[in-house]
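Asks: Sequence isn't available, so here's the structure alone:
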C-alpha cells in the first residue's frame, strides 16, 4: 500500500469536509476548495479523519492514491492555516512594491513590471527587497511565485535576481582576464 496514501488526514476544528460521490469539498476560515477524485479512489470521513483507499493495485492507481491523499491534505491545511512563500530580490537598484494587491517590480528592465495577484493570493513587501505571498491554494501560490521569479531569475556570476528565500545559487567563476 502507498505509504503516503494510507496516512489519515486529521481534520482540525473549524474545517468542514463534505464528500459527495467523487467530489470532495473542504471549507474553512481561509476559504473553500473542491477536488474531483478519480473513480478508482475512495474517500471516507471517519471520526474526524479523512481516509483515502484504492480498489486495486495497478501502478497508475497506486500513484493516484498517494497523489489524491497529498492534494486533500494540502486542501485541509490551506483552508485552516494557509501557505506562505517568501522571495528575495538581490541586486543594486532592484526593488518591489505593492499597491492594491498589484506587485510592481523594478528589476533592471526599462519599465516596472506590474503583476496583479491571482484570486486568493495576498502580497506583502516587508522591505523593498522581500516579497511575501500568502494564500490557501498551494498550487496557485507556487505558480504565482514561479512567475515572479521568472521575471529575473538569479544569474550564476553575481547572484543578482529574484530567488526563493533560502535558495542556494551556485556561483561560477568569471573571466580571468589572461592574455595570450
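Replies: Now that the structure is in, tell me what you want to look at. Please read these numbers as outputs of a predicted model, since none were measured by experiment.
Asks: CA atoms for contacts and neighbours, from now on please.
Replies: Will do.
Asks: Identify the residue spatially nearest to residue 54, adjacent ones excluded.
Replies: residue 41 (4.6 Å; CA to CA, 6 or more residues apart in numbering).
Asks: got the buried residues for stretch 30-38?
Replies: If you call a residue buried by 16 or more other CA atoms under 10 Å, then stretch 30-38 has these buried ones: 30-33, 37.
Asks: Please work out which residues outside it touch it.
Replies: 22-27, 64, 68, 72, 75, 78-82, 136-137 (CA atoms under 8 Å, 6 or more residues apart in numbering).
Asks: Which ones among those residues map onto helices?
Replies: 64, 68, 72, 75, 78-80 (DSSP state H).
Asks: Just send those residues back as JSON lines, with neighbour count and distance to residue 155 too.
Replies: Converted to JSON lines, these look like this (neighbours: other CA atoms under 10 Å; distance: CA to CA, whole Å):
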{"residue": "64", "neighbour count": "19", "distance to residue 155": "37"}
{"residue": "68", "neighbour count": "22", "distance to residue 155": "36"}
{"residue": "72", "neighbour count": "24", "distance to residue 155": "36"}
{"residue": "75", "neighbour count": "26", "distance to residue 155": "34"}
{"residue": "78", "neighbour count": "25", "distance to residue 155": "32"}
{"residue": "79", "neighbour count": "23", "distance to residue 155": "36"}
{"residue": "80", "neighbour count": "23", "distance to residue 155": "37"}
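Asks: Mind pulling up the pLDDT for residue 176?
Replies: Residue 176 is assigned 78 on the pLDDT scale.
Asks: All further residue positions should be reported with the first residue as 58.
Replies: In the new numbering, first residue 58, that becomes residue 233.
Asks: in what helix or strand does it lie?
Replies: Under the assignment given by DSSP states H and E, residue 233 is not contained in any helix or strand.
Asks: before we move on, what about residue 204?
Replies: helix 195-207.
Asks: in that helix, what counts as buried?
Replies: 195, 197-199, 201-203, 205-206.
Asks: quick check, nearest of these to residue 65?
Replies: For the buried residues of helix 195-207, the closest approach to residue 65 (CA to CA) belongs to residue 195, at 19.7 Å.
Asks: With that, I have no additional questions.
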